[in-house]
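*Asks:* Kindly generate the corresponding structure for this input.
(one chain, ligands or ions: 3)
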Amino acid sequence: MSNFSSSQLRLCSRPTIVHKRSIDILHDPWFNKGTAFSMTERDRLDLRGLLPPNVMSSQQQIERFMADLKRLEVQARDGPTDPYALAKWRILNRLHDRNETMYYKVLIDNIEEYAPIVYTPTVGLVCQNYSGLFRRPRGMYFSAEDRGEMMSMVYNWPAEQVDMIVVTDGSRILGLGDLGVQGIGISIGKLDLYVAAAGINPQRVLPVMIDVGTNNEKLLKDPLYLGLQQHRLDGEEYLSVIDEFMEAVFTRWPHVIVQFEDFQSKWAFKLLQRYRNTYRMFNDDVQGTAGVAIAGLLGAVRAQGKPMIDFPKQKIVVAGAGSAGIGVLNAARKTMARMLGNNESAFESARSQFWVVDANGLITEDRANIDPDALPFARKVKELSAQGLRSGASLEEVVRQVKPDVLLGLSAVGGLFSKEVLEALKGSTSTRPAIFAMSNPTKNAECTPEEAFSILGDDIIFASGSPFKDVDLGNGQIGHCNQGNNMYLFPGIGLGTLLSGSRVISDGMLQAAAECLAAYMKEEEVLKGIIYPSISSIRDITKEVAAAVVREAIEEDLAEGYRDMDARELRKLSQVSIFALRRDMWIHLFIWMIICGVDLIVRMSYELYNCICSRIISAHTHNSTGYTKDILIGNLTLLDDCNHLNLSDVVGTRVTVLC
Ligand SMILES: NC(=O)c1ccc[n+]([C@@H]2O[C@H](COP(=O)([O-])OP(=O)(O)OC[C@H]3O[C@@H](n4cnc5c(N)ncnc54)[C@H](O)[C@@H]3O)[C@@H](O)[C@H]2O)c1
Ligand SMILES: O=C(O)C[C@H](O)C(=O)O
Ligand SMILES: [Mg+2]
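*Replies:* Numbers count the residues shown, from 1 in each chain. Ligands and ions are numbered 1, 2, ... in the order given. The predicted structure follows:
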């Protein structure tokens with residue numbers, strides 16, 4: 001017999017009235033069921049796309065939480081270079097969920113310490129463990145199950161404006177392979193850098209995961225996996241999902257920029273060709289990496305005490321012919337060709353400077369089923385014997401015979417530059433050979449700086465994709481470890497494109513970004529072996545890169561202007577001094593607005609803050625942290641000299657300023 005009266009029963013079965021919708025529900029601990037929301041509930045509450053696609057039972061949710069809790073102790077000590085990396089990530093992530101503005105303040109002020117936590121290398125560990133780490137969702141998930149729904153579900157995202165999307169399909173996360181839906185961590189990490197380095201408004205960024213399944217058998221068998229448990233879609237089916245996604249986001253936000261990230265090379269090039277002339281998009285692994293590598297390669301030439309124009313004489317061995325390797329090879333060949341006269345024969349002769357080794361050894365023209373993207377770099381069979389080489393030669397053999405100036409790794413194989421390979425590089429004809437161990441995360445680096453310096457001696461250039469500490473060479477000298485990572489370019493490429501209002505991202509804009517990075521390092525730094533800036537100057541380099549991209553977009557007549565600044569005004573800017581242009585960027589770089597109820601929080605530069613302060617009605621210190629102030633905004637029409645800021649809607653409101 002039940003103890004309930006019939007009126008109590010009626011009460012119990014009464015539906016809960018949910019006044020909230022969409023993300024507000026997920027952020028309300030009273031209503032939130034997280035991944036346990038059924039598809040019907042997701043549709044009725046405008047939640048489709050705001051959660052990973054796999055609907056979980058509450059028992060599964062508990063199991064996932066417990067499994068993560070048990071793993072915590074082991075995994076918190078699993079960080080590649082920092083034993084507490086994962087624990088730090090959790091703490092920062094919790095801060096993000098409580099107070100986003102403070103999160104970015106902490107990140108910006110401590111970028112050197114926390115970039116390796118929110119970005120490479122720790123982000124790799126985060127993606128690997130995402131099922132356990134998942135708490136509050138960030139970003140959107142578009143899955144194969146959402147076909148036909150994307151055009152409407154894109155409106156479930158709460159922000160009216162989105163400037164930057166970073167999208168992945170999770171198929172090649174860093175050098176960690178197919179991580180399926182867990183790859184969303186990489187989109188989140190890249191966008192954290194967009195906010196920290198380029199000052200993009202955090203309310204206008206959108207991390208996206210397109211879940212078309214996974215071919216990772218471990219994940220397919222894991223009952224707690226958050227993604228679709230099916231093999232990846234392929235061919236036309238795959239393309240139709242990505243097409244639908246692109247159409248949906250560009251319909252809602254026609255001016256958005258979409259950065260493709262960590263797509264397996266099989267699709268990376270095809271998607272780039274498919275969309276780059278129609279949409280504002282780029283592929284960071286192909287194009288961002290290429291620019292960063294070019295800047296580093298030119299730096300390596302300067303570090304030998306030679307002029308950059310000597311670059312076409314460099315012999316370069318590349319290990320890895322995937323999206324990143326081929327991207328770098330194409331860009332390096334074009335750069336050489338430009339230096340050699342920019343004609344057909346220059347382009348042809350530049351080709352002979354490269355030797356490409358992949359999982360099957362040296363790539364030569366006689367290879368069966370050769371990847372068409374690698375074909376232009378296949379060595380001619382008739383020249384092999386003269387070089388003491390053969391089809392499929394090992395990396396060690398190639399290095400020994402070629403005696404290259406540069407050994408560049410984008411293979412995702414940790415330790416590939418073994419003792420034997422580095423010993424072979426001792427025969428290099430360069431006065432200062434360069435080693436680029438660019439694969440991520442840390443354990444996938446082709447070699448460590450210690451290995452390189454100890455085998456090859458002090459007079460080398462070393463760069464790695466993930467951060468390593470400089471090496472004490474024991475004679476009062478420091479072996480400098482450069483971080484050659486596309487983070488030095490993608491925020492500036494995105495920001496420059498945004499500010500220019502260019503409809504597409506041209507080769508010229510990417511080239512301008514790379515040249516800007518190459519020119520950024522001073523002669524004396526380069527001669528010391530410092531060929532990339534330090535992460536602490538990422539805001540500054542981003543500003544420079546963005547300015548270069550804007551200038552090139554204007555030059556190519558692609559710029560259509562941004563917000564209040566039309567193309568004509570932009571063009572005028574190109575004629576004034578570069579300083580004025582930078583000042584303008586500075587303001588855009590540092591301002592963002594977060595609408596909080598009726599009040600606004602404004603994050604801005606000191607420069608702009610001072611400008612506003614001279615016109616405020618009242619100001620008082622808001623809290624004890626010393627960097628937050630409440631001000632009452634006066635007549636903002638006086639703000640004309642704070643170029644292009646339309647703050648008129650904040651007149652008379654209380655504004656919290658974070659300087
Ligand atoms: N530093 C950076 O800014 C940066 C940028 C992009 C990519 N990456 C890193 O580069 C790596 C590769 O990325 P991708 O997108 O090109 O991957 P990918 O899977 O498309 O390509 C990997 C390539 O390495 C080759 N390879 C595998 N084993 C090899 C071996 N033993 N010897 C030589 N080559 C071998 C494969 O045949 C393939 O051509 C990843 O670790 C990624 O994190 C770094
Ligand atoms: O994410 C990074 O750190 C660089 C690059 O995009 C990569 O895929 O490794
Ligand atoms: Mg990447």
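
*Asks:* Please pull out the lowest mean pLDDT helix or strand from the chain.
*Replies:* Using mean pLDDT, DSSP states H and E, strand 592-596 stands out as the lowest-scoring helix or strand of the chain, at a mean of 27.

*Asks:* Name the SS class of the most centrally placed residue in the chain, please.
*Replies:* Note on the chain: the residue nearest the mean C-alpha position is K190, at 3.5 Å, using CA atoms, centre = their mean. Using DSSP: H, G, I helix; E, B strand; the rest coil, the three-state assignment for K190 comes out as helix.

*Asks:* List the contacts of it.
*Replies:* Applying CB atoms under 8 Å, 6 or more residues apart in numbering to K190 gives the contacts Y119, V166, P207, Q259, E261, D284, F490. All C-beta atoms are positioned from the backbone trio N, CA, C, and that covers glycine.

*Asks:* how much space between it and ligand 3?
*Replies:* Using CB to the ion, to the nearest Å, K190 is found at 8 Å from ligand 3.

*Asks:* per-residue pLDDT, that residue?
*Replies:* pLDDT for K190: 98.

*Asks:* can you check V651 too?
*Replies:* Reported pLDDT for V651: 40.

*Asks:* Equivalent analysis for the one 5 residues further on, please.
*Replies:* Listed pLDDT for T656 reads 44.

*Asks:* what's the answer for the one 3 residues further on, then?
*Replies:* Note for C659: predicted pLDDT of 36.

*Asks:* now swap in W30 and tell me
*Replies:* Note for W30: predicted pLDDT of 71.

*Asks:* where does it land in three-state SS?
*Replies:* coil.

*Asks:* give the contact list for F453.
*Replies:* F453 makes contact with I460, F462, V471, L473, G479, according to CB under 8 Å, 6+ apart.

*Asks:* correction: K33
*Replies:* Per CB under 8 Å, 6+ apart, neighbours of K33: E41, S58.

*Asks:* what do you get for the one 3 residues further on?
*Replies:* Taking CB under 8 Å, 6+ apart as the criterion, A36 is in contact with V55, M56, S57, S58, Q61.

*Asks:* which one of these is nearest ligand 1?
*Replies:* M56 (30.1 Å; CB to the nearest ligand atom).

*Asks:* From the contacts of K190, which land in strands?
*Replies:* Counting by DSSP state E, the part of those found in strands is V166, P207, Q259.

*Asks:* could you flag which of these are buried?
*Replies:* V166, P207, Q259 (16 or more other CB atoms under 10 Å).

*Asks:* Could you look up the SS state of K469?
*Replies:* Following three-state DSSP, K469 is assigned to coil.

*Asks:* quick revisit: now, which of the contacts of A36 sits nearest ligand 3?
*Replies:* Nearest to ligand 3 among the contacts of A36 is M56, at 28.6 Å by CB to the ion.

*Asks:* Excluding chain neighbours, what is closest to that closest one?
*Replies:* Using CB to CB, 6 or more residues apart in numbering and skipping residues adjacent in sequence, the residue nearest M56 is T35, 4.3 Å away.

*Asks:* Get me the contact residues on the stretch 51-200 of the chain for ligand 2.
*Replies:* Counting by CB under 6 Å from any ligand atom, the residues of the stretch 51-200 of the chain close to ligand 2 are T120, L174.

*Asks:* Which parts of the stretch 51-200 of the chain are strands?
*Replies:* Secondary structure of the stretch 51-200 of the chain (DSSP state E, counting those that start in this stretch): strands at 140-143, 164-168.

*Asks:* Tabulate these (TSV), appending mean pLDDT and distance to ligand 1.
*Replies:* Below are these laid out as TSV (pLDDT from 0 to 100; distance: least, CB to the nearest ligand atom, whole Å):
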stretch	mean pLDDT	distance to ligand 1
strand 140-143	98	22
strand 164-168	97	12
